[in-house]
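# no sequence on this one, just coordinates:
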């Protein structure tokens, strides 16, 4: 059967009383979801009774189904409309909130999955100059979203520290003058970090995110220094150093550095060791991110890549270990699960651009190359580096926001990523929480629409949704997930940016 | 209670030498969207071609992506029929509730445009 799953044979179905929903056989139970973001988990017997119209009028299950919009004649229109409005609030935003600035293509690491996407540290011609940086910030403040998050990326952004400093100060000044909320994030490998730079970043409230793939032998294999040398030790040193400084400042617990890991085939044997390291370092979260076969990673897929099934096995094992630690009182969260849970349980959008319908490209985020080129996303920019500028939608020197928004590529990305336009997605039980990525499908299937039955993107996302929903049905896991969601809610209330860092780590 | 149609045998032809199984399906009996939907969902396992008349009869040809003998082709055929029957239910749910879905989306849009939207919880959503 297809990944959508089929009904049991023979299935008695009484369509008349059923509301609008999608369903999925989860193996022993069925998941029901509707466009309004509500979900129900029924065992197979309950599902069969409901579908065949054999649930008694006063059956508590029927009441619950009705309250969540699954019973046609008892649909609470106002409640469902409120849920839908809240779930899709991002669709009413006026423009992107996440702006990824590639301040240099230079990098001093030669990561297995990225190293041709960057250039040698001697190539200063691949730095963003101050004039371009100023124009980029001016363009960003032309976009209409009142909340702006500028993310410094590279290459290694610390190789162009003067521009990082300039943009920080200039953007802060513009935000103050315009009354707009500004978040700043630095994504760095930490190898060029200094106390003075930390002073500056803390003083100007710049969030800091790094890449930590795991224990030294794994991290240094994935992310070696150019020329050799150990990178992991520097990352660990600076995480510990910054945490100590954060903890010494009363009221700054939410400024602690965060880290992202990228899964290569070398990671598979280190599931527990990776999590243990994050726990040892006092990290609140670990983001188990898969590698996408796009950009440079596509060329080296045979060396570092894996099948979707292999990644999903790794993801599930890692998630289970994290849950096991939580049961023992060790507070560590998995970020991807938390993103999905925010959508599923809380019914709100967590700002993760890849899982939006339509996609976050342009509507939620923009990427700015060192030379001022504007791209629909960082993935689109990476393609340009490989010689394909299909996803370029402007230039800070000559384009205005209206031109970028109305660009044919922008419109094509939007149309192709509305899940109602995707034949398989439209019927998928994960539709209310999912999204598709035009750049990924352009790269892997030569179509911005893609073909979901054979899409690795779809297979991986459905696998992660399966993993999370299976555990959500477990009462003990549910309690842990609720604690994660409460932590995240408090983090947001304390000023955390809602835009997920894109971070070059996952290239 | 109306029972979903049992998965009775459909007219089909098997060509093991070419790893092909083909179905001739009356659109009035199965519906256009369920036929197209079921064929689309087979694309991970088979190369699919559709010909014929959208108003009368469609021929769906499935060529297995791996060499397939009669047994495998029968399994492919059963899989397609299961998809087709499930597609009828999925499309039935969608069409029966089209007006309701449209109304709720309209109400949500109006809520979003006015002041009745629940307070967003994140800075970005609050923008």
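Looks like it came in fine. Everything numeric in this text was worked out from a predicted model, so none of it was measured.
# could you chop chain A up by domain?
Taking automatic domain parsing as the reference, chain A has its domains at A:15-87, A:95-305+A:350-374+A:497-506.
# can you list the ones you listed in JSON lines and add mean pLDDT, distance to chain B and mean neighbour count?
Every residue, glycine included, has its C-beta placed from N, CA and C. Formatted as JSON lines, those follow (pLDDT from 0 to 100; distance: least, C-beta to the nearest C-beta, whole Å; neighbours: other C-beta atoms under 10 Å in any protein chain shown):
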{"stretch": "domain A:15-87", "mean pLDDT": "96", "distance to chain B": "3", "mean neighbour count": "19"}
{"stretch": "domain A:95-305+A:350-374+A:497-506", "mean pLDDT": "90", "distance to chain B": "4", "mean neighbour count": "20"}
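# out of the ones you listed, nearest to residue B:33?
Ranking the domains of chain A by their distance to residue B:33 (criterion: C-beta to C-beta) puts domain A:15-87 first, at 14.6 Å.
# which non-adjacent residue is nearest the residue nearest the centre of chain B?
Residue closest to the average C-alpha location in chain B (C-alpha atoms, centre = their mean): residue B:37, at 2.7 Å. Spatial nearest neighbour of residue B:37, chain neighbours left out: residue B:87 (4.3 Å); criterion: C-beta to C-beta, 6 or more residues apart in numbering or on different chains.
# thinking again about what came up before, which stretch among the domains of chain A comes nearest residue B:50?
domain A:15-87 (24.0 Å).
# can you give me the helices in chain B?
Using DSSP state H, the helices of chain B run over B:27-30, B:32-41, B:70-96, B:98-113.
# scratch that, the stretch 101-250 of chain A
Using DSSP state H, counting those that start in this stretch, the helices found in the stretch 101-250 of chain A span residues A:130-142, A:161-178, A:195-203, A:216-222, A:232-248.
# for the helices of chain B, give me CSV that also has mean pLDDT.
Formatted as CSV, the helices of chain B follow (pLDDT from 0 to 100):
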stretch, mean pLDDT
helix B:27-30, 96
helix B:32-41, 97
helix B:70-96, 94
helix B:98-113, 93
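# just these: most buried one?
Of all the helices of chain B, helix B:32-41 has the most neighbours on average by mean count of other C-beta atoms under 10 Å in any protein chain shown, namely a mean of 21.
# what's the angle from that one to helix B:70-96?
Here the directions of helix B:32-41 and helix B:70-96 differ by 130 degrees (axes from the mean of the first three to the mean of the last three C-alpha atoms, to 10 degrees).
# now what about helix B:32-41, what contacts it?
Helix B:32-41 is contacted by residues A:2, A:4, A:423-424, A:427, A:453, B:25, B:27, B:48, B:50, B:54, B:58, B:60, B:62, B:80, B:83-84, B:86-88, B:90-91 when judged by C-beta atoms under 8 Å, 6 or more residues apart in numbering or on different chains.
# before we move on, what about stretch A:475-482?
A:323, A:326, A:327, A:337, A:341, A:345, A:471, A:472.
# do you know how far the last one is from chain B?
What that stands for is residue A:472. Separation of residue A:472 from chain B (C-beta to the nearest C-beta, to the nearest Å) stands at 20 Å.
# now the fifth one
Here residue A:341 is placed at a distance of 14 Å from chain B (C-beta to the nearest C-beta).
# likewise for the third one?
Computed with C-beta to the nearest C-beta, the distance linking residue A:327 and chain B is 28 Å.
# and for the first one?
Residue A:323 sits 25 Å away from chain B when distances are taken as C-beta to the nearest C-beta.
# what does the second one give?
Residue A:326 sits 24 Å away from chain B, taking C-beta to the nearest C-beta as the criterion.
# need the contact list for that residue.
With contacts defined as C-beta under 8 Å, 6+ apart, residue A:326 is in contact with A:332, A:480, A:483.
# among the residues you listed, name the buried ones.
With burial judged by 16 or more other C-beta atoms under 10 Å in any protein chain shown, the buried subset of the contacts of residue A:326 is A:332, A:480.
# now, which of the contacts of residue A:326 sits nearest chain B?
Comparing those against chain B with C-beta to the nearest C-beta picks out residue A:483 as the nearest, at 17.4 Å.
# quick check: residue A:279 touching residue A:332?
Yes: counting by C-beta atoms under 8 Å, residue A:279 does reach residue A:332; the two are 5.3 Å apart.
# now do the shared contacts for these two.
Any residue near both residue A:279 and residue A:332 by C-beta under 8 Å, 6+ apart counts here, and that gives residue A:325.
# count the neighbours of residue A:484 for me.
Per other C-beta atoms under 10 Å in any protein chain shown, the neighbour tally for residue A:484 reads 23.
# likewise for the one 3 residues further on?
Other residues within reach of residue A:487 by the criterion other C-beta under 10 Å amount to 15.
# hmm, it is touching residue A:335, no?
No: with contacts defined as C-beta under 8 Å, residue A:487 does not count as touching residue A:335, sitting 11.8 Å away.
# quick one: residue A:374 is in a strand?
Yes: under DSSP: H, G, I helix; E, B strand; the rest coil, residue A:374 sits within a strand.
# spatially nearest residue to it (excluding sequence neighbours)?
The shortest distance from residue A:374 to any non-neighbouring residue, by C-beta to C-beta, 6+ apart, is to residue A:394 (4.0 Å).
# where along chain A do the strands fall?
Remark: strands assigned in chain A by DSSP state E are A:22-25, A:29-33, A:39-43, A:98-102, A:147-153, A:181-188, A:206-211, A:258-262, A:285-286, A:288-289, A:333-334, A:365-368, A:373-375, A:392-395.
# just to revisit the earlier point, of the helices of chain B, which is nearest residue A:38?
helix B:98-113 (11.5 Å).
# pull the residues that contact the closest one.
The contact list for helix B:98-113 (C-beta under 8 Å, 6+ apart) reads A:19-20, A:35-36, A:72, A:75, A:77-78, A:80-82, A:84-85, A:88-89, A:91-92, B:116-117.
# how about the contacts made by residue B:96?
Applying C-beta under 8 Å, 6+ apart to residue B:96 gives the contacts A:15, A:16, A:18, A:20, A:72.
# need the max-distance pair from these.
Taking C-beta to C-beta, no two of the contacts of residue B:96 sit farther apart than A:16 and A:20, at 13.3 Å.
# can you list residues touching both of those two?
A:72, B:96.
# circling back: what's the burial count for the residue nearest to residue A:374?
Residues lying near residue A:394 (other C-beta under 10 Å) number 24.
# okay, it and residue A:373: tell me how far apart.
For residue A:394, the distance to residue A:373 equals 8 Å [C-beta to C-beta, to the nearest Å].
# just residue A:49 next, same as before
Taking C-beta to C-beta, one finds residue A:49 at 58 Å from residue A:373.
# which residue does the stretch 201-350 of chain A have closest to chain B?
residue A:348 (5.6 Å).
# surely that residue meets residue A:87?
Yes: Residue A:348 is within contact range of residue A:87, at 6.7 Å (criterion: C-beta under 8 Å).
# find the centremost residue of chain A, please.
In chain A, the residue lying closest to the centroid (C-alpha atoms, centre = their mean) is residue A:352, at 4.3 Å.
# what does that residue show for phi and psi?
phi -90, psi 110 (degrees, to the nearest 10).
# hmm, it is touching residue A:339, no?
Yes: contact criterion C-beta under 8 Å: residue A:352 and residue A:339 qualify, at 4.8 Å.
# so which of the strands of chain A gets nearest residue A:303?
Closest to residue A:303 of the strands of chain A, according to C-beta to C-beta: strand A:258-262, at 13.9 Å.
# quick one: strands adjacent to that closest one?
Strand pairing for strand A:258-262, determined by DSSP bridges: strand A:206-211 (parallel), strand A:288-289 (parallel).
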